[in-house]
Structure formats: C-alpha cells, structure tokens
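Participant: turn this into a model:
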Amino acid sequence: MTFKDYFKKEYEEGLWSIESLTLIYMLYTTVLIGIYWTKLADPMGMMVTRGVMLAAMGVVYGIYRLFPCRALRILRVCAPLLGLISWYPETYDFCSQYPYLDHVFAGIDQTLFGCQPALVFNTLLSSTFWSETFNMGYYVYYYMMGAMLIFYLLCRYSEADRAGFIFLASFFLFYVIFEFLPVAGPQFYFKAVGVETADTGVFPALGYYFQTHTEMLMPEIKGVFSQLVQGAQEIGERPTAAFPSSHVGMSTVTMLLAWKAHNKWLFWVMMPFYILLCCATVYIQAHYLIDSICGFFVAVAFFFLTGWIYDRMNNHKNYSNDRDYSH
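Facilitator: Alright, predicted model coming up:
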C-alpha cells in the first residue's frame, strides 16, 4: 500500500475495539468515582478528564465521518491510547482507599529469596554501565508498545483491531487489579520504613499511610537514562500498581503480539530491550521480584483470555450478520 492509499475514501462501519473498550472503562470508573466521591481528592477533575476524552474521541470520529479514509481511522486510536496516561494515576485514587499490603509482598520476597532483591540487585551491579543499561531498558517501555501497535496499523491492518483489543483489554485488566489491590512498591515502601529496617527483614504494616505520603527513594543519577527515568517517575509515578508488574506484563503482551505478527525481525530486535526492562523493574526498585514474576504469568493469561473474548465476540457478530442476511 502506498502513502496515497491511506487517504483514499474508505468508510468502515463501527468503532475500533480500542474505542469501545475505552468507553466501557470510563463508564466503569465513573461508577467507582460515584461510590468514592466524598473520599477522593478531586472527583470533579476526574469527571472533567472523562468529558475531555469523550470530546476528543467525538471530534476525531466526526472528522472521519466527513473525510473517511484509512489514515483518519488509524488516527482514531490515538485518543484512547493516550488516555492510558490519565487512567494510570487514578488507580492510586481508588486503591488508596484501602490499607496497603506492601508488608505482605516484601515478606514474600524475603521468604522466597532470603533477601530483598530490590535492594540487593541494585547494590551488586552499581556501576554506571549497569545503571544506564537497565534504566535504558526501563525507559523504552512505551517505545516498544508504540512500535508494535504502529507495525500492526501500517503492516497488519486487517489484524490491527484484534491486536488493539488484546493490548488495551490487558491494560485495563491490570488497572482493575491495581484499583483494589493497594501495593506501593519498594521505592515507596522502603522510603517509608527505612532501607535499614527492610534490610533486616522487618516489614511493618503501614495501613493508610500512602494516602498522604508519596515520597519515594531517589537513587543516584549516573547518566542520561537514569535521569530520564527518574524525571518520568517524579512526574507520573504514584504509590500504586506494584503487583503484578504491568511493566513486565504489558511488555510481555507486546512481545506476544510481535510474535503473532509473524515478523521475526520486529520480535528479535525488541527482545534484548524486553529482557532489560523486566530486570529493570526490580533494579530501579519499582517492584518486588514477586511482582515481576507474577506480571509475566498474568500477562500470558490475559493475552489468551482477551484473544479468546475477541474471537468469541466477533464469531457471534458474524453469526448474527449471517442470520440477518439470510432473512
């Protein structure tokens, strides 16, 4: 397909599955906002965010109806995907309504590994080379996902809707877990209890401490990538979403989709970064090791579950259409 072909008139009925999933997730979280309204810091601001998202989706969809072509249909996926940036911090607003469970997960790491890997890993490989290597792996997280989605949209267009459904549905399933399973992660928990305390294997329960405290450990900046990661965390990180690791989970979903795209070049180019990213989640103290391990297995389950749901929904839709045509 040439560049001009993307701008030829080409109207397709219905919403992208990514758009439908976003509307469902916004409705679900709107109900949560209503339930927690008096306990949330800025429930009205959260509702405004939903209004802006609806407006953005509506405007792009309206433009597509006026000038239907593949390029504008592809553009319609941008707003739902960018919405993930807004939905992530909200998991903190919801999960902080419950007592945090970091003492449980730090205790699991201690029982399984006899130490705190999030403390030991960073100490064992403390040189600038390793710091920059792992921080680079962590930083390319969004670029990996973006590369995979762009590849489907441009090179596997007929499969893009299914890939988008698997991708976004998996993300939303992680978010649903985070909204009811409050785990801040080592960089917040160890800051609160003290690294020395954690190092001795003592893990006090902090209850609702993170409702009002969001300070986190600040490792030494040793290069460009560690500075980029720390800057991003200072802006967007919250004491939420530690278990299971969505960084490991969604990068795993990304790799599975890359493999299913039948493009070995894409898969193997991303593989080294994927391995570094998985290691980096513990190295930079964003996750307990048990978070990252479970993130992998949960992601595999989500990948097959969401793929199965998509196929069932579309088989049912095709069956219904066949019945309509038969009449």
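
Participant: longest helix of this structure?
Facilitator: Identified as the longest helix of the chain according to DSSP state H is helix 289-326.

Participant: buried residues, it. List them.
Facilitator: For helix 289-326, a neighbour-count test (16 or more other C-beta atoms under 10 Å) marks 289-296, 298-299, 302-303, 306-307, 310 as buried. Just so you know, the C-beta spots here come from the backbone N, C-alpha and C atoms, and that holds for glycine as well.

Participant: show residues contacting stretch 243-253.
Facilitator: Here stretch 243-253 makes contact (C-beta atoms under 8 Å, 6 or more residues apart in numbering) with 105, 138, 141, 144-145, 166-167, 170-171, 174-175, 177-178, 181, 183, 274, 277-278, 281, 286-288, 290-292, 294-296, 298-300, 302-303.

Participant: picking that back up, so what does the longest helix of the chain touch, helix or strand wise?
Facilitator: Of the remaining helices and strands, those touching helix 289-326 by 3 or more C-beta pairs under 8 Å, 6 or more residues apart in numbering; DSSP states H and E are helix 102-113, helix 157-180, helix 246-260, helix 264-283.

Participant: please name whichever of the ones you listed is nearest to Leu75.
Facilitator: helix 157-180 (12.9 Å; C-beta to C-beta).

Participant: average pLDDT across the helix or strand just after that closest one?
Facilitator: Downstream of helix 157-180, the next assigned helix or strand under DSSP states H and E is helix 186-193. Averaging pLDDT along helix 186-193 gives 97.

Participant: what angle separates helix 186-193 from helix 289-326?
Facilitator: Put simply, helix 186-193 runs at 140 degrees to helix 289-326, going by axes from the mean of the first three to the mean of the last three C-alpha atoms, to 10 degrees.

Participant: got the CA positions of helix 186-193 in CSV?
Facilitator: Coordinates of the C-alpha atoms in helix 186-193 are reproduced here as CSV (Å, rounded to 0.1, in the frame of the first residue of the first chain):
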residue,chain,number,x,y,z
PRO,A,186,9.8,-0.9,47.2
GLN,A,187,10.7,2.7,46.2
PHE,A,188,7.8,4.0,48.2
TYR,A,189,7.6,1.3,51.0
PHE,A,190,11.4,1.2,51.7
LYS,A,191,11.4,5.0,51.8
ALA,A,192,8.6,5.0,54.4
VAL,A,193,10.0,2.2,56.7
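
Participant: report how many residues lie close to Gly223.
Facilitator: Burial of Gly223 is recorded as 14 neighbouring residues (other C-beta atoms under 10 Å).

Participant: now the residue lying closest to it once chain neighbours are set aside: which helix or strand?
Facilitator: Using C-beta to C-beta, 6 or more residues apart in numbering and skipping the chain neighbours, the partner closest in space to Gly223 is Glu132 (4.2 Å). Taking DSSP H and E as the criterion, Glu132 maps to helix 128-139.

Participant: show me what that helix is packed against.
Facilitator: helix 224-236, helix 264-283.

Participant: the first one to helix 264-283, inter-axis angle?
Facilitator: So the one you mean is helix 224-236. Taking the same axes, to 10 degrees, one finds helix 224-236 and helix 264-283 inclined to each other by 70 degrees.

Participant: list just the nearest of the buried residues of helix 289-326 to Ala242.
Facilitator: Set against Ala242, the nearest of those by C-beta to C-beta is Asp291 (5.4 Å).

Participant: quick one on the thing from earlier: dump the residue contacts of the residue nearest to Gly223.
Facilitator: For Glu132, the contacting residues are Lys222, Gly223, Val224, Phe225, Ser226, by C-beta under 8 Å, 6+ apart.

Participant: again, but for Trp16
Facilitator: Arg73, Arg76, Val77, Pro80, Asp161, Gly164.

Participant: re earlier: I'd like the helices and strands packed on helix 128-139 as a markdown table, with mean neighbour count and distance to Leu15 appended.
Facilitator: Below are these laid out as a markdown table (neighbours: other C-beta atoms under 10 Å; distance: least, C-beta to C-beta, whole Å):
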| stretch | mean neighbour count | distance to Leu15 |
| --- | --- | --- |
| helix 224-236 | 15 | 28 |
| helix 264-283 | 19 | 27 |
